[in-house]
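Chemist: Make a model of this:
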Amino acid sequence: MISHTPTLNKSVAQPTLDTTRIDDTRIKAVRPLITPALLQEWLPATEQALALVESSRQAISRVLHGQDDRLIVVVGPCSIHDHDQAMEYAHQLKVQADALSQDLLVVMRVYFEKPRTTVGWKGYINDPHRDDSFAINDGLELARKLLLDVVGLGLPVGTEFLDLLSPQYISDLVTWGAIGARTTESQSHRQLTSGLSCPVGFKNGTDGGVKVACDAILAAQAPHAFMGMTKMGQAAIFETRGNDDCHVILRGGKQPNYSAADVQAVSEVLEKTGLRPQVMIDFSHANSSKQHRRQIDVGADVATQIAAGDARITGVMIESHLHEGRQDIVEGQTLQHGVSLTDACISMEQTIPVLQQLADAVRQRRLKK
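Modeler: I've put the predicted structure just below:
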């Protein structure tokens, strides 16, 4: 058998070829990127932050493995676009999280990257100034600063991992992560998840199919080797151990999939695949038919299922901001305070009764054990 071991002949000088006709022909500019290690030196995690991240990850893991009967609630803005408004929301959410901590494990939704169906504002990291300047270094710094401030309040945070490099800058502060409906089928995101230190939820496909999420969980549980960037900014090969804290998120598809019948159907698929029969239900997106106030109705239905004793519902997601609705970025026009720039959200005032209803449902579920 002939060996094809690659070799580099460094002794023979090779002529430098002009490849500009074929290489980077569609690249407009290349700008320097800060390294994760440098950003973490500028904005280090405190001992208190590390302790909260560690304990909250362990708590979610216990819920996923049936050792804690609380309900995971990932709640917050569809996307972050302003530090002060996010902190105003965080302070209000912390009051509810503390009051309901015996029944709900509240994680603030702090999403910095937004997948777009075609084009649009890609989020706080990609374009923090919302002016197409794409000041990504600023975005990474602002994102990490916000995470430190929210965690500093004592609130765990959850985010979607969309870009494959950005986790190196912020994932040490993240308690729970999501892989979106558009990327659940991505091999790269499954490999990334296999090496992440936090629990991760995979959303069902945009068509509502759950098998793709089941396959993603199986893939993420396995070890992988892939190329990536170290915290020092160097290209490297990463070898992972696999992530056993993954689960399915039901977000609807061609039709909603939050009903008791849907939970039963998905649980059967999970069991046949050899996975734990458990789901997190997203009240928004296709489950609310993109009508933000319908999240309240979805929440009531899910609370009824929980109160009836269904322990397979281990978590929920709610898109919520200071004020309800959404708005567009219009040049020269001042943005409304505390209103989402992406998907429409319910207000904090509308969110509080939903949280209380879910907590009451958990208490009722306990009585049926």
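
Chemist: Quick check: nearest residue in space to Gln357, chain neighbours excluded?
Modeler: Using C-beta to C-beta, 6 or more residues apart in numbering and skipping the chain neighbours, the partner closest in space to Gln357 is Ala303 (4.8 Å). Just so you know, the C-beta spots here come from the backbone N, C-alpha and C atoms, and that holds for glycine as well.

Chemist: secondary structure class for the one you found?
Modeler: The local conformation at Ala303, judged by DSSP: H, G, I helix; E, B strand; the rest coil, is helix.

Chemist: Identify the residues contacting it.
Modeler: 357-358, 360-361 (C-beta atoms under 8 Å, 6 or more residues apart in numbering).

Chemist: Sort out which of these are in strands and list them.
Modeler: Members of the contacts of Ala303 lying in strands (criterion: DSSP state E): none.

Chemist: mind giving me a markdown table with those residues and columns for neighbour count?
Modeler: Listed next are the contacts of Ala303 as a markdown table, based on neighbours: other C-beta atoms under 10 Å:
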| residue | neighbour count |
| --- | --- |
| Gln357 | 17 |
| Leu358 | 25 |
| Asp360 | 15 |
| Ala361 | 25 |
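
Chemist: out of these, who's nearest Leu39?
Modeler: Using C-beta to C-beta, the shortest approach to Leu39 within those belongs to Leu358, at 36.0 Å.

Chemist: thinking that closest one is in contact with Leu105, fair?
Modeler: No. Using C-beta atoms under 8 Å, Leu358 makes no contact with Leu105, being 11.0 Å away.

Chemist: Name the residues of stretch 124-133 that come out as buried.
Modeler: Buried residues in stretch 124-133, counting neighbours by 16 or more other C-beta atoms under 10 Å, are found at 124-128.

Chemist: In CSV, list these along with distance to Gly76 and pLDDT.
Modeler: Converted to CSV, these look like this (distance: C-beta to C-beta, whole Å; pLDDT from 0 to 100):
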residue, distance to Gly76, pLDDT
Tyr124, 13, 96
Ile125, 16, 96
Asn126, 19, 94
Asp127, 20, 93
Pro128, 18, 95
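
Chemist: Spatially central, which residue of the chain would that be?
Modeler: Per C-alpha atoms, centre = their mean, the C-alpha nearest to the average position across the chain is that of Glu160, at 2.4 Å.

Chemist: Now for the closest residue in space to that one that isn't next to it in sequence: which residues touch it?
Modeler: Of all residues not flanking Glu160 in the chain, Ala178 sits nearest, at 4.6 Å (C-beta to C-beta, 6+ apart). Residues counted as contacts of Ala178 (C-beta under 8 Å, 6+ apart) are 74, 158-161, 200-203, 249.

Chemist: same thing with Val248?
Modeler: Taking C-beta under 8 Å, 6+ apart, one finds 201-204, 210, 213-214, 217, 266, 270, 278-280 in contact with Val248.

Chemist: just checking, what packs against the top strand by length along the chain?
Modeler: Longest strand in the chain, counting residues (DSSP E): strand 313-321. With contacts taken as 3 or more C-beta pairs under 8 Å, 6 or more residues apart in numbering; DSSP states H and E, strand 313-321 sits against helix 47-64, strand 71-76, strand 104-109, strand 246-250, strand 279-282, helix 294-307, strand 346-347, helix 348-367.

Chemist: want to try CSV for those, with distance to Gly195 and mean pLDDT as columns?
Modeler: Output for these, formatted as CSV (distance: least, C-beta to C-beta, whole Å; pLDDT from 0 to 100):
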stretch, distance to Gly195, mean pLDDT
helix 47-64, 15, 98
strand 71-76, 21, 98
strand 104-109, 21, 98
strand 246-250, 12, 98
strand 279-282, 21, 98
helix 294-307, 32, 98
strand 346-347, 35, 98
helix 348-367, 32, 98
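
Chemist: and of these, who's closest to Met87?
Modeler: Using C-beta to C-beta, the helices and strands packed on strand 313-321 put strand 104-109 closest to Met87, at 10.4 Å.

Chemist: Can you give the contact residues for the closest one?
Modeler: 56, 59-60, 63, 68, 70-78, 89-90, 93, 96-97, 100, 150, 155-159, 175-176, 317-320, 355, 358-359, 362.

Chemist: Can you get me a residue count around Leu218?
Modeler: 14 (other C-beta atoms under 10 Å).

Chemist: was I right about it contacting Leu270?
Modeler: No. When contacts are counted by C-beta under 8 Å, Leu218 is not listed as touching Leu270 (10.5 Å).

Chemist: who touches both of the two?
Modeler: Residues touching both Leu218 and Leu270 (C-beta under 8 Å, 6+ apart): none.

Chemist: which SSE is the residue nearest to Glu160 in?
Modeler: strand 176-179 (DSSP states H and E).

Chemist: next helix or strand past that strand?
Modeler: Downstream of strand 176-179, the next assigned helix or strand under DSSP H and E is helix 187-195.

Chemist: So, low pLDDT: which residues of this structure?
Modeler: Along the chain, the parts satisfying pLDDT under 70 run over 1-14, 116-118.

Chemist: how about a cut-off of 80?
Modeler: Scanning the chain for pLDDT under 80 picks out 1-20, 114-119, 369.

Chemist: hang on, the earlier thing: can you tell me which of the contacts of Ala178 are in strands?
Modeler: Short answer: the contacts of Ala178 in strands (DSSP E) are 74, 158-160, 200-203, 249.

Chemist: and of the residues you listed, the nearest to Lys114?
Modeler: Glu160 (8.3 Å).

Chemist: what is in contact with Leu358 and Leu105 at once?
Modeler: Jointly contacting Leu358 and Leu105 under the rule C-beta under 8 Å, 6+ apart are 71, 73.
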